[in-house]
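J.: sequence? don't have it. structure:
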């Protein structure tokens with residue numbers, strides 16, 4: 001089954017997305033964190049991508065290497081060779097986490113590791129890098145198991161997405177906000193594009209009702225992050241660990257079928273218990 005078919009499958013349960021891999025006992029965005037997401041049976045692993053000075057693609061969230069390697073430079077200033085030997089700090093980095101033997105991985109290494117084993121959400125930090133990411137995925141024959149996202153706020157965004165992403169077999173993830181002044185415009189653009197999946201932001205879970213007709217008519221799946229730093233309406237991982245029914249359960253009952261979490265193993269355990 002490819003990623004698009006998986007997302008469209010109405011018989012599946014809620015999909016679990018491991019944010020930057022399972023990194024509580026491994027560096028985020030590392031090969032071992034991704035392997036642990038595979039071993040845990042997660043459906044999708046999210047990774048962050050930036051480009052080197054010579055065009056190589058590497059995993060890194062921040063604008064500089066400081067937090068994860070201690071090197072205060074942007075990855076765009078270093079060659080692929082220089083980046084490939086950098087050792088990652090443990091967990092989510094920072095001075096409080098020591099250096100590990102894990103190296104900053106390239107996207108090539110990730111595609112080799114994940115091929116046929118897990119779907120991959122590619123958070124490409126600079127939009128102009130997306131065509132290179134798509135080209136690599138196609139060259140390595142993994143385009144059917146990855147997704148990319150881009151802002152969908154204006155007609156210009158819509159045109160760029162249609163020209164740059166939609167002609168390829170890669171799944172596109174829209175990001176739409178119901179809690180901003182331009183929400184009506186974003187909803188109109190979302191309806192026009194009708195992607196397979198949408199990452200949705202809201203202030204009240206009741207706002208999801210605005211998407212009922214669209215999801216029913218198009219089959220579009222809804223994706224929500226419960227990451228503590230970006231969660232909507234207090235639906236956080238921290239709260240979910242204390243009361244999963246009040247967070248993960250309520251979201252699923254409201255129509256969410258993809259949840260991205262920093263607590264993927266706990267989410268999987270909850271979903272298994274919920275099915276019994």
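T.: Okay, I see it. What you see is a predicted model; the values in this text were computed from it and never measured. Residues are numbered from 1 along each chain as shown.
J.: Which stretches in the stretch 151-276 of the chain count as strands?
T.: 171-177, 197-201, 221-225, 258-261 (DSSP state E, counting those that start in this stretch).
J.: what's the most buried one of those strands?
T.: Of all the strands of the stretch 151-276 of the chain, strand 258-261 carries the top mean neighbour count, a mean of 26, counting by mean count of other C-beta atoms under 10 Å. In short, each C-beta sits where N, CA and C put it, glycine included.
J.: now the strands of the stretch 151-276 of the chain in TSV, with mean pLDDT and distance to residue 43?
T.: Output for these, formatted as TSV (pLDDT from 0 to 100; distance: least, C-beta to C-beta, whole Å):
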stretch	mean pLDDT	distance to residue 43
strand 171-177	96	13
strand 197-201	97	12
strand 221-225	98	11
strand 258-261	98	8
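J.: how near is residue 29 to residue 65?
T.: Separation of residue 29 from residue 65 (C-beta to C-beta, to the nearest Å): 12 Å.
J.: mind checking the end-to-end distance for stretch 144-163?
T.: Using C-alpha to C-alpha, to the nearest Å, the end-to-end distance of stretch 144-163 comes to 19 Å.
J.: Same question for stretch 226-234.
T.: 8 Å.
J.: Name the residues of that stretch that come out as buried.
T.: Within stretch 226-234, the residues scored as buried using 16 or more other C-beta atoms under 10 Å are 226-227, 231-233.
J.: just stretch 97-112 next, same as before
T.: Using 16+ other C-beta under 10 Å as the test for burial, stretch 97-112 gives 102-107, 109-111.
J.: Compare residue 29 and residue 65 (neighbour count), which wins?
T.: Under the neighbour definition other C-beta atoms under 10 Å, residue 29 and residue 65 were set side by side, and residue 29 has more, 29 against 23.
J.: which residue packs closest to residue 55, ignoring adjacent ones?
T.: residue 132 (7.0 Å; C-beta to C-beta, 6 or more residues apart in numbering).
J.: secondary structure element for the one you found?
T.: With elements taken from DSSP states H and E, the one containing residue 132 is helix 130-139.
J.: Mind listing what's buried along that helix?
T.: 130, 132-134, 136-137.
J.: and what of stretch 52-60?
T.: Buried, per 16+ other C-beta under 10 Å, within stretch 52-60: 52, 56-60.
J.: which one of these is nearest residue 247?
T.: Using C-beta to C-beta, residue 59 is the member of the buried residues of stretch 52-60 that lies nearest residue 247, at 27.9 Å.
J.: and the closest residue to residue 239 other than its chain neighbours, how many neighbours?
T.: Residue nearest to residue 239 in three dimensions, not counting chain neighbours: residue 247, with 5.1 Å by C-beta to C-beta, 6+ apart. Counted by other C-beta under 10 Å, the residues lying close to residue 247 total 26.
J.: what do you get for residue 182?
T.: Neighbour tally, residue 182, other C-beta under 10 Å: 12.
J.: isn't it right next to residue 157, touching?
T.: No. Under the criterion of C-beta atoms under 8 Å, residue 182 makes no contact with residue 157, lying 11.6 Å away.
J.: got the contact list for residue 91?
T.: The contact partners of residue 91, taken as C-beta atoms under 8 Å, 6 or more residues apart in numbering, are 23-28, 97.
J.: Kindly reformat those as CSV containing secondary structure and distance to residue 215.
T.: Putting the contacts of residue 91 into CSV (DSSP: H, G, I helix; E, B strand; the rest coil; distance: C-beta to C-beta, whole Å) gives the following:
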residue, secondary structure, distance to residue 215
23, coil, 31
24, coil, 33
25, coil, 37
26, coil, 35
27, coil, 36
28, coil, 31
97, coil, 40
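J.: Selecting buried members of those residues in PyMOL, what would you type?
T.: PyMOL command restricting the contacts of residue 91 to the buried ones, with burial defined by 16+ other C-beta under 10 Å:
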select buried, resi 23+26+27+28
